[in-house]
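> Turn this into a model:
(2 chains)
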2 protein chains.
Amino acid sequence: MEYLRDPAEIYRRSFATIAAEADFSAMPPDVAEVATRLIHACGMVDLVEDLVWTPDVVSAGRVALAAGAAILTDAQMVASGIMTTRLPAGNRVFCALSNSTVPALAAQYDTTRSAAALDLWLPHLDGAIVAIGNAPTALFRLLELLDTGAPRPAVILGFPVGFVGAAESKAELAANPRGIPFITVRGRRGGSAMASAAVNALAIGARA
Amino acid sequence: MEYLRDPAEIYRRSFATIAAEADFSAMPPDVAEVATRLIHACGMVDLVEDLVWTPDVVSAGRVALAAGAAILTDAQMVASGIMTTRLPAGNRVFCALSNSTVPALAAQYDTTRSAAALDLWLPHLDGAIVAIGNAPTALFRLLELLDTGAPRPAVILGFPVGFVGAAESKAELAANPRGIPFITVRGRRGGSAMASAAVNALAIGARA
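I've put the predicted structure just below:
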């Protein structure tokens, strides 16, 4: 069977196709690097039209990673997609969802486990990279916690996905990011592959 | 902040939205269950238009899972997305990509690590659930191995993603599935969330 097997050439052609088809002209070059990785992760060049970002999100994220920032994720799939060998400072990747205390917290707060798990982020949130790739309630909860004085992450990579709350939580982030650099995608699209691709794009350009 | 927090209601509204917006009329009901989970994982109801399947894929997959079939994945993200508590027979989830022998195999075969890792599937392939959510070369390699007499999996859940080989490998699967029940999505879309959602949809309906 004839197919391309060379990993370097597969990468090269993939990124060449993305560069040829997607319009990054509205973006700073470093944000375009992240957008390219997001498109690469999902196979959809039109994703670029729905991205919303602050111009400082990539530089802030890279400075934080180089300084050893923790990476907080809402789902184990996001954590699994992070190329830990590319992290510049042995950064900790932390997903609290499977912690044994989370079901009780969720029952106490009458919310999802994904949102309740954010209580366990609090000791690690100051200056962290937040990567949300699944639950709209996790992003809503983060914004609530920030409104009540929680420690401030360095950047928010906001990619919850789906039909209930995803578009709304990302619209709230874009409308009022609480002064925190962010990148997100409007609408229902998102997912763990995008969230981990965003972390990886920051890591690849970060210098410790 | 006002948002829906009740997990059961979030699920209910998500699936109600999908049922209202997506047209499953061309599908058997059990394939529609899988399609619903795929759409839920990616937030895109038009995915249904690009799905290709054999009518027996869900029944064959559920019978295999109930009988204890192993689940073979090309990427750790796919494995991470599988709800192991829902598997009907304590089924083994196996991703060989990080095995220490894989880089040498990839160099020997002059291919990607994702494709080379399939050598390590061979002892487990007979009757297995194959879930490919990342690498087109893994799906191509599987079809090559089948053409040379490799053991036959029970079903192929084929969701490689991206710009080089993804559409081509899935088109080859759809054109010639080698007699194996399958579900796939035409074109560039795919990904680990879809592959694990397909496994989870099989598992939820399987009876041990």
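> quick one: low-confidence parts of chain A?
Along chain A, the parts satisfying pLDDT under 70 run over A:208.
> the strands in it, which residues?
A:51-53, A:71-73, A:93-95, A:129-132, A:155-158, A:182-185 (DSSP state E).
> Select, out of those, the one closest to residue B:203.
strand A:93-95 (21.7 Å; C-beta to C-beta). (Each C-beta comes from the backbone N, C-alpha and C, glycine too.)
> Around residue A:101, how many other residues sit close by?
Neighbour count for residue A:101, taken as other C-beta atoms under 10 Å in any protein chain shown: 12.
> how near is it to residue B:5?
Separation of residue A:101 from residue B:5 (C-beta to C-beta, to the nearest Å) stands at 18 Å.
> Could you do residue A:24 as well?
Plainly put, residue A:24 is 37 Å away from residue B:5 if you go by C-beta to C-beta.
> hey, where'd the helices end up in chain A?
For chain A, the helices defined by DSSP state H occupy A:7-21, A:29-42, A:57-66, A:76-80, A:102-109, A:113-116, A:136-147, A:166-175, A:192-205.
> which of the residues in the second one are buried?
This means helix A:29-42. Across helix A:29-42, burial judged by 16 or more other C-beta atoms under 10 Å in any protein chain shown covers A:30-42.
> Tabulate those residues in JSON lines, adding columns for distance to residue A:105.
Formatted as JSON lines, those follow (distance: C-beta to C-beta, whole Å):
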{"residue": "A:30", "distance to residue A:105": "37"}
{"residue": "A:31", "distance to residue A:105": "35"}
{"residue": "A:32", "distance to residue A:105": "39"}
{"residue": "A:33", "distance to residue A:105": "37"}
{"residue": "A:34", "distance to residue A:105": "32"}
{"residue": "A:35", "distance to residue A:105": "35"}
{"residue": "A:36", "distance to residue A:105": "38"}
{"residue": "A:37", "distance to residue A:105": "33"}
{"residue": "A:38", "distance to residue A:105": "31"}
{"residue": "A:39", "distance to residue A:105": "36"}
{"residue": "A:40", "distance to residue A:105": "36"}
{"residue": "A:41", "distance to residue A:105": "31"}
{"residue": "A:42", "distance to residue A:105": "32"}
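> near chain B, from those?
Applying C-beta under 8 Å from any C-beta of the partner chain to these, one finds that A:40, A:41, A:42 fall near chain B.
> coming back round to it: can you tell me which of the helices of chain A is most buried?
Ranked by mean neighbour count under mean count of other C-beta atoms under 10 Å in any protein chain shown, the helices of chain A are led by helix A:192-205, which reaches a mean of 27.
> What distance do you get for the residue nearest to residue A:34 when sequence neighbours are not counted to chain B?
Of all residues not flanking residue A:34 in the chain, residue A:201 sits nearest, at 4.2 Å (C-beta to C-beta, 6 or more residues apart in numbering or on different chains). Residue A:201 is 15 Å from chain B, where distance means C-beta to the nearest C-beta, to the nearest Å.
> Then residue A:195?
Using C-beta to the nearest C-beta, residue A:195 is found at 11 Å from chain B.
> how about that residue, what does it touch?
Residues near residue A:195 by C-beta atoms under 8 Å, 6 or more residues apart in numbering or on different chains: A:73, A:75, A:78, A:81, A:131, A:132, A:133, A:134, A:157, A:159.
> Which of those sits closest to chain B?
Taking C-beta to the nearest C-beta as the measure, chain B lies nearest residue A:81 of those, at 4.8 Å.
> Dihedrals phi and psi, the closest one?
Here the main-chain torsion angles of residue A:81 (degrees, to the nearest 10) amount to phi -80, psi -10.
> and it, how far is that from residue A:149?
As judged by C-beta to C-beta, residue A:81 and residue A:149 stand 31 Å apart.
> what's the answer for residue A:43, then?
To residue A:149, residue A:43 is 40 Å away according to C-beta to C-beta.
> Between the two, point out the one with more neighbours.
Neighbour count, other C-beta under 10 Å: between residue A:43 and residue A:149, residue A:43 has more, with 22 against 7.
> wait, isn't the more buried one in contact with residue B:166?
Yes: at 6.4 Å, residue A:43 and residue B:166 qualify as touching, with contact defined as C-beta atoms under 8 Å.
> how about the helices of chain A in a markdown table, adding distance to residue B:188?
Converted to a markdown table, the helices of chain A look like this (distance: least, C-beta to C-beta, whole Å):
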| stretch | distance to residue B:188 |
| --- | --- |
| helix A:7-21 | 9 |
| helix A:29-42 | 9 |
| helix A:57-66 | 25 |
| helix A:76-80 | 20 |
| helix A:102-109 | 36 |
| helix A:113-116 | 29 |
| helix A:136-147 | 25 |
| helix A:166-175 | 22 |
| helix A:192-205 | 13 |
